[in-house]
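Visitor: Need a 3D model of the sequence below.
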Amino acid sequence: MAERDKSFTAKLLAQQTADPALQEKYRKELTDMLEVKIEGGRKAWGIVIVAIRYIISLICLFMFFFCPTIVGTYRYFHGILGVMLITLSVFGAVVIIKGVYKHRTHGNIGAAIVFYGSIGAWALLMAGGASNPLIATLGTGILLLGITKMVCNLIKQSELNSREQILKQEYRLAKTPLGQ
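Guide: Below you'll find the predicted structure:
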């Protein structure tokens, strides 16, 4: 039944004539909603954030490789944190170089990096120091940070989907002749 309705809808839409100016306006609004150009102050701020993440990741990786006083899971925690931050730094640098932040793809990739990195850090902290309340609290805080980032990304994606659907309906109404 749903298959038949989709084909019927597609046939009806194919019979309508579309105004090229209206289609271009729709595409522009959709692009403006889904992509943000990185220019000027936003680009400078992005470079500062990437540099700070990079420096912190290098410190963590230095502690992982060259600090013999840190042992066991805490050492691996620094390694995972360093890898997560350096991955975010490289990803941020690529986005800044491209000059366009795409909410759908870039938002999902960034959220996944933070989410899976925080799960790895939490697992290591829990494995090594679950009996220590301070370490357990730190691990839980890191896990909550990753979960919060993923939930915020899901909310943003849902909002974008809703706005896109509303824009599609507005476009359909705008191209429908009066009296129908």
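
Visitor: helices or strands up against the helix ranked longest in the chain?
Guide: In the chain, assigned by DSSP state H, the helix with the most residues is helix 133-175. With contacts taken as 3 or more C-beta pairs under 8 Å, 6 or more residues apart in numbering; DSSP states H and E, helix 133-175 sits against helix 20-34, helix 103-129. Where you see a C-beta, it was placed from the backbone N, CA and C, and this is true even at glycine.

Visitor: Could you dump those helices into JSON lines and include distance to Ile166 and mean pLDDT?
Guide: Shown next, in JSON lines, are the helices and strands packed on helix 133-175 (distance: least, C-beta to C-beta, whole Å; pLDDT from 0 to 100):
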{"stretch": "helix 20-34", "distance to Ile166": "10", "mean pLDDT": "76"}
{"stretch": "helix 103-129", "distance to Ile166": "16", "mean pLDDT": "87"}
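
Visitor: now, of these, which is deepest in the fold?
Guide: Of all the helices and strands packed on helix 133-175, helix 103-129 carries the top mean neighbour count, a mean of 18, counting by mean count of other C-beta atoms under 10 Å.

Visitor: Next, the angle from that helix to helix 133-175.
Guide: 170 degrees (axes from the mean of the first three to the mean of the last three C-alpha atoms, to 10 degrees).

Visitor: Please state the offset of helix 103-129 from the chain centre?
Guide: Taking C-alpha atoms, centre = their mean, to the nearest Å, the mean C-alpha location of helix 103-129 is offset from the chain mean by 12 Å.

Visitor: Next: stretch 81-94.
Guide: Distance of stretch 81-94 from its chain centroid, counting by C-alpha atoms, centre = their mean, is 13 Å.

Visitor: Check stretch 76-86 too.
Guide: With C-alpha atoms, centre = their mean, you get 19 Å for stretch 76-86.

Visitor: centroid residue for the chain?
Guide: Gly107 (1.8 Å; C-alpha atoms, centre = their mean).
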